[in-house]
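*Asks:* Predicted model follows, preceded by the sequence.
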Amino acid sequence: MLFGASRRLKQRNSRRRLISPPSPDNISLASSSSSEQRRPQPGAEKIKGPVPYAFPVRNTLNAAEFGRSGMMGLAAGRGNRVAKWAKNRTVQVVVWVVASMVISLVVHLGMRRYNMENAEKRLVSMCEDRARMLQDQFAVSVNHVHALAILVSTFHLHKNPSAIDQATFAEYTAMTAFERPLFGGVAYAQRVMRSQREKFEEQQGWVIRTMKRGPSPEQDEYAPVIFAQETLSYLKTLDMMSGEEDRENILRARATGKAVLTSPFRLLNSNHLGVVFTFPVYRTHLSPTATVEERVEATAGYLGGGFDIESLVETLLKQLAGNAEILVNVYDVTNASIPLIMYGPEQMIGYTALSHVSMLEFGDPFRKHQMECRYCQKPAVPWSAIYTPTGVFVIVMLIGYIIFTAYNRYATVVEDCRKMEELKVQAEAADVAKSQFLATVSHEIRTPMHGVLGMLDMLLDTELSSTQKDYAQTAQVCGKALISLINEVLDRAKIEAGKLEMEAVPFDIRSVLDDVISLFSAKSGIELAVFVSDKVPQVLMGDPGRFRQIVTNLVGNSIKFTERGHIFIQVHLADHATAAMNPKTEMSSNRPPDSFDTLSGLETADGRNGWETFKLLLSDWAESGSRSGGDSEDIALIVSVEDTGIGIPLQAQDRVFTPFMQADSSTSRNYGGTGIGLSISKCLVELMGGQISFLSRPHVGSTFTFTAVLKRCNHSNGGEPLPSSFRGTRAIVLDDRPVRSAVTRYHLQRLGIGVEIATNAVAGPSSQLWKHPDMIVVEKDTWESSGLRRRLLEWKGSGEGAALPPPKIVLLVGAESEKAAAAGGGLADAVIMKPLRASTIAACLEQVAGIRKLHRPELVNGGSAFLRRLLAGKRILVVDDNKVNRRIAAGALNKYGANVECAESGSDALSLLQIPHDFDACFMDVQMPEMDGFEATRRIRQMESRANAEGGRGREWHVPVLAMTADVIQATYEECMKSGMDGYVSKPFEEKQLYQAVARFFKSQQPPPVADGSS
């Protein structure tokens, strides 16, 4: 099957136009920046005289303002650009909207063009499909006619007589008409030569007639119809050669051997447009290469019929989809200048701007046919071509809005950055001013306090009445409290500035905790106790001062808010405590409902802090999985401070560690304090590598817990050693409360005393536990239980153990009134006041046992004797611009035997320290007018360097210079070291600090130990 080449009629060529939005005017973003010139205020006067506060701050601010002016000048250009952007904002918005509309229009036109291209492709596809199907249907009909021709050739020409007559042909063609639905009928015309006409007419019994029904004239050959389908019976006897167009078809058909068609015309029966179909019938089978003469010679007749083109196309279109969308015309274009319509409307209706032509191949080589297809109406614009550009417009506008907002945000950020730069410069200046202010305030506050406390110390060294001494001591306590508050505020400032550094020195944690509880005198009815696990090393490496400060803050809060019960300090290895306090640990369930196995028998905030957990902490139960790091250098401790106070309200627990915040911040609160202690403690704990937390229940109590990471220390001397004279002795502790008895055993075991605990005190004397103890330690609660006093009297007065000295009975009490009452009973050999400390227990037992105690004279009176031997005869220069401070320093040093000379300024000190001189040390104030202590020290070192370079005049010159100031911040200490000072002594003088400062430079003759006490 051959398909015709397609061509397009009336096609439109559209061009894409690139539409670009108009560009806005160029906006210059360059702007010059200039810094503002500061002008002096009219009427400003030069400040005369020393200004101790304003001078360093003013210098700092001037430098800061200079930097700030530069930053402001740098940011001025940004500000100008922002202003210009705001000025042209409307123009840019309009330009963006127009650009968005142009983009949307381009998208719309592009989608419409794409839709038309798709419509054209769909039209081409439908037209080609219809042309192909029309050709297929025609080919099928031709094949059936060809089969009929073979039938005629076989049964008519090759049979003698013929097997086909008119009746047989008519009946057969009528029965097989369904195979040729588009044929109005078929007929067979036989070829008759002139010489055969007479014989043919005799055989047929009729005369050959023309198309006009008249006898056919004489001619070379004839083609009369001898067989016809019933529908074409009127063609019988008619000579097909008599019609001019039929004659041409017959001649072309027998010459080519193919079916040929006539031009279109109206069929008689249906009045439809159709063509006459002619097909040759040969006597013999011809080869495809047969010549025209051979074909003409072999021709026996012709099959023909009326072909209904209009019905064929109409039937075909009904079978296909999209028939209502397109219009179809079929043309005979053998004469291209005058095409003959075969199907379709004669007038060109429909959407003619878009059409397609498909060529039809019906097998006739002499005629040309084509099919033209077009849409009934113009293809509709799809909804996608409407809402897609609309969506594009919205998206572009949103992008513009985002860009617009982002740029506005950028402009805002630029402005904020400019302000932040200014604020940064101001903050840096304020930070410097703050540090200077703290130094100044520290100096200016501590200096008069130094004078007050120094004069009080000197006053207490004089002869005073009891009332006067009480007043002076009260004033001294208040002054020290104020100094402590100042130190806390300064600590907070140093923490915020990141200038607080932690020491790393060996210390005995047990001695530190003993010192802490010695600072507090427990209230009546409150038990204050400390316990350190024996798994904690004796000596650790860390900052004992900061550790002491944390515990002191926590215990101080507990003392403040606790009216009954106990305050219990515990220290354990962190891993061991975590394993022992696992929630899966079973607690004792057979205690009375209103009694608790705690230190005082009262309920605590953390329900796990009972005897069952404490017993696990004393044992090795959890040690298998918590070896404290084995050989690790780090030791993680967990410290808890437990109380049975009023607790912390739930609404206040979130701000416990906030500086200067309290649970009750009203002016009528019942408890004092600044609210800074816990904040400082939290910061110090974090500096130690730990964390602090708490658990509190209102009206039950609070438990504060913190962890600290310290270093393992190989040194064995971390504190004052305890006496060893009690090692090997045996003691019995009588106490009904297991936690309290464990605390008593802890303190006794530190002295080397073997301890056994008896909980059933009444039945005690008859048991083997009571055989030959060296001492019996009895708690006051157990002492007052029924029958114990009487049993102890009977046992002590009986003959048991007469060969051995009777055991000493030691009574433990918590108040001074209880001590007096217990001592009046006559049964107790000694009464020890709580809180228990190893040193106080040792001192009491030494007194009871009459043990001779060896001591070092330097430890008498807090080290005063040793300090006296260090300073005795030493010539010391004191430099201070304050007369009171000079008197106090001279008085303190004279107290220890030093020869003191005073100077009022740094220049005076330089005059006195001209080489050679006989001063052994110099105490130099830091802040002085004209020449401060730093500059004076630098000049002293320069003089010494020159003298040593010249030979030193027989010695190496270096006089120890100790900074003497009330300023205690780290920056001042660093400045002291830079200027060449050797040490640091803060005001007011403390004996321990003074000793530590001068002991590095002076040596003392150590006298032999002396005995004290009676045998």
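*Replies:* All right, it came through fine.
*Asks:* In contact with residue 640, which residues?
*Replies:* 568-570, 609, 703-705 (Cβ atoms under 8 Å, 6 or more residues apart in numbering). Glycine gets a C-beta too; all of them are placed from N, C-alpha and C.
*Asks:* so which of the residues you listed comes closest to residue 217?
*Replies:* The shortest gap between residue 217 and any of those belongs to residue 705, at 139.1 Å (Cβ to Cβ).
*Asks:* Show me what counts as buried in the strand or helix carrying that closest one.
*Replies:* Using DSSP states H and E, residue 705 falls within strand 701-712. In terms of neighbour count (16 or more other Cβ atoms under 10 Å), strand 701-712 has its buried residues at 701-708, 710.
*Asks:* which one among those residues gets closest to residue 740?
*Replies:* Distances from residue 740 to the buried residues of strand 701-712, taken by Cβ to Cβ, are shortest for residue 701, at 16.6 Å.
*Asks:* On the three-state scheme, the residue nearest to residue 326 when sequence neighbours are not counted is what?
*Replies:* Nearest residue to residue 326, sequence neighbours excluded (Cβ to Cβ, 6 or more residues apart in numbering): residue 373, at 5.2 Å. For residue 373, the assignment made with DSSP: H, G, I helix; E, B strand; the rest coil gives strand.
*Asks:* again, but for residue 608
*Replies:* Going by three-state DSSP: residue 608 is coil.
*Asks:* Can you pull out the low-pLDDT segments for the stretch 401-550 of the chain?
*Replies:* 435, 438-440, 442-443, 497, 499, 521-524 (pLDDT under 70).
*Asks:* out of the contacts of residue 640, who's nearest residue 519?
*Replies:* Looking across the contacts of residue 640 and measuring by Cβ to Cβ, the closest to residue 519 is residue 569, at 12.5 Å.
*Asks:* following the lengthiest helix in the chain, which helix or strand comes up?
*Replies:* Criterion DSSP state H: the longest helix present in the chain is helix 384-460. Using DSSP H and E, the helix or strand that follows helix 384-460 in sequence is helix 466-497.
*Asks:* list the buried ones in that following helix?
*Replies:* For helix 466-497, by 16+ other Cβ under 10 Å, it's 472, 476, 479, 483, 486-495.
*Asks:* what bits of the stretch 1-150 of the chain have low per-residue confidence?
*Replies:* If you take pLDDT under 70 as the line, the stretch 1-150 of the chain has these spans: 1-87.
*Asks:* how's this protein carved up into domains?
*Replies:* 125-374, 420-500, 502-578+597-621+633-664+674-712, 730-849, 862-999 (the TED database).
*Asks:* would you list these in CSV and tack on distance to residue 384?
*Replies:* Formatted as CSV, those follow (distance: least, Cβ to Cβ, whole Å):
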stretch, distance to residue 384
domain 125-374, 19
domain 420-500, 50
domain 502-578+597-621+633-664+674-712, 59
domain 730-849, 84
domain 862-999, 74
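*Asks:* out of these, nearest to residue 118?
*Replies:* Here domain 125-374 is closest among the domains of the chain (Cβ to Cβ), at 10.5 Å.
*Asks:* what separates that closest one from the chain centre, distance-wise?
*Replies:* 89 Å (Cα atoms, centre = their mean, to the nearest Å).
*Asks:* Can you show me the CA trace of the strand holding residue 705 as PDB?
*Replies:* Coordinates of each C-alpha in strand 701-712 appear next as PDB, following Å, rounded to 0.1, in the frame of the first residue of the first chain:
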ATOM      1  CA  GLY A 701      14.300  20.000 103.500                       C
ATOM      2  CA  SER A 702      16.900  20.300 100.700                       C
ATOM      3  CA  THR A 703      19.800  18.300  99.400                       C
ATOM      4  CA  PHE A 704      22.400  20.100  97.400                       C
ATOM      5  CA  THR A 705      24.800  17.900  95.500                       C
ATOM      6  CA  PHE A 706      27.800  18.800  93.400                       C
ATOM      7  CA  THR A 707      30.600  17.000  91.700                       C
ATOM      8  CA  ALA A 708      34.300  18.000  91.400                       C
ATOM      9  CA  VAL A 709      37.200  16.600  89.400                       C
ATOM     10  CA  LEU A 710      40.400  16.700  91.400                       C
ATOM     11  CA  LYS A 711      43.800  15.300  90.700                       C
ATOM     12  CA  ARG A 712      45.500  12.400  92.500                       C
END
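*Asks:* Partner strands of that strand, with direction?
*Replies:* Paired strands of strand 701-712, with direction, are strand 539-542 (antiparallel), strand 634-643 (antiparallel), strand 692-697 (antiparallel) (DSSP bridges).
*Asks:* what's the closest of those to residue 876?
*Replies:* strand 539-542 (34.1 Å).
*Asks:* centre of the chain versus that closest one, how much separation?
*Replies:* Using Cα atoms, centre = their mean, the offset of strand 539-542 from its chain centre is 38 Å.
*Asks:* What about the nearest residue to residue 138 once chain neighbours are set aside, how many residues nearby?
*Replies:* Spatial nearest neighbour of residue 138, excluding adjacent residues (Cβ to Cβ, 6+ apart): residue 362 at 5.3 Å. Look at residue 362: counted by other Cβ atoms under 10 Å, it has 22 neighbours.
*Asks:* Might one say that the residue nearest to residue 326 is in contact with residue 355?
*Replies:* Yes - using Cβ atoms under 8 Å, residue 373 is in contact with residue 355, at 6.5 Å.
*Asks:* Overlap of the contact sets of the two?
*Replies:* residue 123.
*Asks:* Could you verify that residue 362 is part of a strand?
*Replies:* No - read with three-state DSSP, residue 362 is coil and lies in no strand.
*Asks:* Please state the backbone phi and psi of it?
*Replies:* When read as degrees, to the nearest 10, the backbone of residue 362 gives phi -100, psi 10.
*Asks:* surely it meets residue 369?
*Replies:* Yes - contact criterion Cβ under 8 Å: residue 362 and residue 369 qualify, at 6.0 Å.
*Asks:* what's near enough to touch the residue lying closest to residue 219 once chain neighbours are set aside?
*Replies:* Leaving aside its sequence neighbours, residue 219 sits nearest to residue 194 (Cβ to Cβ, 6+ apart; 6.7 Å). Applying Cβ under 8 Å, 6+ apart to residue 194 gives the contacts 218-222.
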